[in-house]
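Undergrad: coordinates only, sequence not included:
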């Protein structure tokens, strides 16, 4: 199971659009294929965004959506002060980098241009949702291989 940080827009899309392009992410965390990581700051952001008037969600609907996400998430307490990491252009996105590092995330899933611009500084960490889908398909189709130490074959004397 991959430990993942999902940016707020990824979580929103997975929760709000049950037949949408990112609905599979919701099924993946419910099926324990992905272990979402959250912290106080990212949960507060999600609460704030779910209350936006454009989503027209009642308080009860917001609670139901949170109940479809938070029980599957691993809560990480971020250190104070935050660790010294490369700084994101959008300071509000820095929390996702700190959460990924502190929570030992395998993947940070985002469509945010400011975070994706930092891929070179965090090699192998950041994926778009489509890239994660490809990686998940590859995991399913690849047979599990046991890692074995490789020994050198002795050379024959000639």
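TA: Here it is on my side, so go on. All figures in this text were calculated on a predicted structure; none of them were measured in a lab.
Undergrad: CA only for contacts and neighbour counts going forward, please
TA: Noted.
Undergrad: and the lengthiest helix in the chain, what other elements does it pack with?
TA: Secondary structure of the chain per DSSP state H: the longest helix is helix 129-141. The contact analysis (3 or more CA pairs under 8 Å, 6 or more residues apart in numbering; DSSP states H and E) places helix 129-141 against no helix or strand.
Undergrad: How far does that helix sit from its chain's centre?
TA: Put simply, helix 129-141 sits 13 Å off its chain's centre (CA atoms, centre = their mean, to the nearest Å).
Undergrad: residues in contact with it?
TA: For helix 129-141, contacts defined as CA atoms under 8 Å, 6 or more residues apart in numbering pick out 10, 22, 109, 110, 111.
Undergrad: For these, pick the one with the most neighbours.
TA: residue 109 (25 neighbours; other CA atoms under 10 Å).
Undergrad: give the contact list for that residue.
TA: 4, 5, 6, 7, 10, 126, 127, 128, 129, 132.
Undergrad: Report all helices and strands that the helix or strand hosting residue 44 contacts.
TA: Applying DSSP states H and E as the criterion places residue 44 in helix 40-50. Here helix 40-50 touches helix 8-16, helix 94-102, going by 3+ CA pairs under 8 Å, 6+ apart.
Undergrad: buried ones in that helix?
TA: 42, 46, 49, 50 (16 or more other CA atoms under 10 Å).
Undergrad: so which helix or strand takes in the closest residue to the last one other than its chain neighbours?
TA: On the basis of CA to CA, 6 or more residues apart in numbering, the spatially nearest residue to residue 50 that is not a chain neighbour turns out to be residue 62, at 6.3 Å. With the criterion set as DSSP H and E, the secondary-structure element containing residue 62 is helix 59-67.
Undergrad: Please work out the angle formed by the directions of the longest helix of the chain and helix 8-16.
TA: Angle, helix 129-141 to helix 8-16, by axes from the mean of the first three to the mean of the last three CA atoms, to 10 degrees: 70 degrees.
Undergrad: Buried residues, helix 129-141. List them.
TA: Buried-residue list, helix 129-141, by 16+ other CA under 10 Å: 129, 132, 136.
Undergrad: tell me the pLDDT at residue 51?
TA: The model reports residue 51 with a pLDDT of 96.
Undergrad: what about the nearest residue to it once chain neighbours are set aside, how many residues close to it?
TA: Leaving aside its sequence neighbours, residue 51 sits nearest to residue 57 (CA to CA, 6+ apart; 6.8 Å). Neighbour count for residue 57, taken as other CA under 10 Å: 15.
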